[in-house]
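> following is a predicted model, sequence given first.
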Amino acid sequence: EDQVTQSPEALRLQEGESSSLNCSYTVSGLRGLFWYRQDPGKGPEFLFTLYSAGEEKEKERLKATLTKKESFLHITAPKPEDSATYLCAVQAFSSNTGKLIFGQGTTLQVKP
Amino acid sequence: EAGVAQSPRYKIIEKRQSVAFWCNPISGHATLYWYQQILGQGPKLLIQFQNNGVVDDSQLPKDRFSAERLKGVDSTLKIQPAKLEDSAVYLCASSLLGANEKLFFGSGTQLSVL
């Protein structure tokens, strides 16, 4: 069964304190791994898609990396506005429909 | 460009009542998804439409949930009768085609079943 597990569930950082979020996945052939950001009361907002091990993508203070078993979202010198829940999702080759299987998310709080 | 529109924003009902949610996807997007997000969990796919046809409803509780997408644009998700465990945020998303593409989500409908 395809599965996604994120850790930690919650993370508190001081402004400027860099850290990483983990997404471990089990999937029968990875078509793509997606990272989304979700603010309270809003729907998830797309950040990155990674397709193969070794791939990296960056956007402002965020950098996503991918291995054969997990993905990391590195946050460098975070600011309070980076506070949100970060969701990881996988899409399997067995799915021709674009179905995403989500992890439970990591809630990040960045204090000034 | 306009995003995915959903209504209502909030809904409070008693168990055994019925409720309906509406979604208008981004113009031109062929694929429409309904996800259920229970507090503290990630979204779970309920049903996926490609144009006006269903391509995945394997996790839809068909004894109480139904959905339709008439004319391949707007969609409605209905719950009848509602149970306490249906309390969740119902998210609608759309994508241009489907596989390999990012999803655009609406803000969701927060349902409380009392």
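Now that the structure is in, tell me what you want to look at. Not measured: the values here are computed from a predicted model.
> which residue is the nearest non-sequential neighbour of A:E58?
A:A64 (7.7 Å; C-beta to C-beta, 6 or more residues apart in numbering or on different chains). Placement of C-beta: from N, CA and C, glycine included.
> what about the one you found, distance to A:I75?
10 Å (C-beta to C-beta, to the nearest Å).
> between these two, tell me which one has more neighbours.
A:A64 (24 against 21; other C-beta atoms under 10 Å in any protein chain shown).
> ok, back up a step: mind checking pLDDT for the residue nearest to A:E58?
At A:A64, the pLDDT value in this model is 98.
> quick one, phi/psi of it?
phi -110, psi 140 (degrees, to the nearest 10).
> show me what contacts it?
A:35, A:47-48, A:50, A:56-58, A:71-74 (C-beta atoms under 8 Å, 6 or more residues apart in numbering or on different chains).
> before we move on, what about B:L111?
Here B:L111 is in contact with B:11-13, B:19, B:21, B:79, B:82, B:86-90 (criterion: C-beta under 8 Å, 6+ apart).
> so what pairs up with it in the strands?
B:K11, B:A88 (DSSP bridges).
> show the backbone phi and psi for A:E81.
phi -70, psi -10.
> same question, B:K71
phi 60, psi 10.
> which residue is the nearest non-sequential neighbour of it?
That would be B:N52: by C-beta to C-beta, 6+ apart, it lies 6.5 Å from B:K71.
> tally of neighbours for A:E45?
15.
> give me the element residue 48 is part of.
I went with chain A, as the question did not name one. strand A:45-50 (DSSP states H and E).
> my bad, chain B
Counting by DSSP H and E, B:Q48 is found in strand B:44-50.
> can I get the CA coordinates of that strand in CSV?
Extracted in CSV, the C-alpha atoms of strand B:44-50 (Å, rounded to 0.1, in the frame of the first residue of the first chain):
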residue,chain,number,x,y,z
LYS,B,44,-7.7,12.2,1.4
LEU,B,45,-9.1,11.8,-2.1
LEU,B,46,-12.8,11.1,-2.2
ILE,B,47,-13.5,11.4,-5.9
GLN,B,48,-11.9,12.5,-9.2
PHE,B,49,-13.5,13.7,-12.4
GLN,B,50,-12.0,13.9,-15.8
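> does the strand holding A:F48 reach chain B?
Yes: using C-beta under 8 Å from any C-beta of the partner chain, strand A:45-50 reaches chain B at A:45-46, A:49.
> next one: that strand to chain centre, how far?
8 Å (C-alpha atoms, centre = their mean, to the nearest Å).
> partners of it in the sheet?
strand A:30-38 (antiparallel).
> with adjacent residues omitted, what lies nearest to the residue positioned nearest the centre of chain B?
Centroid check for chain B by C-alpha atoms, centre = their mean gives B:W34 as the closest residue, at 2.9 Å. Counting by C-beta to C-beta, 6+ apart, B:W34 lies nearest to B:L46, which is 4.5 Å off, once chain neighbours are set aside.
> quick one: neighbours of that neighbour, just the number.
20.
> was I right to think it contacts B:I38?
No: the criterion here is C-beta atoms under 8 Å, and B:L46 misses it with B:I38 at 11.9 Å.
> buried residues in the least confident helix or strand in chain B by mean pLDDT?
Using mean pLDDT, DSSP states H and E, the weakest-scoring helix or strand in chain B turns out to be strand B:53-56, at a mean of 92. Buried residues in strand B:53-56, counted by 16 or more other C-beta atoms under 10 Å in any protein chain shown: B:55-56.
> who are the packing partners of that strand?
In terms of contacts (3 or more C-beta pairs under 8 Å, 6 or more residues apart in numbering or on different chains; DSSP states H and E), strand B:53-56 is packed against strand B:44-50.
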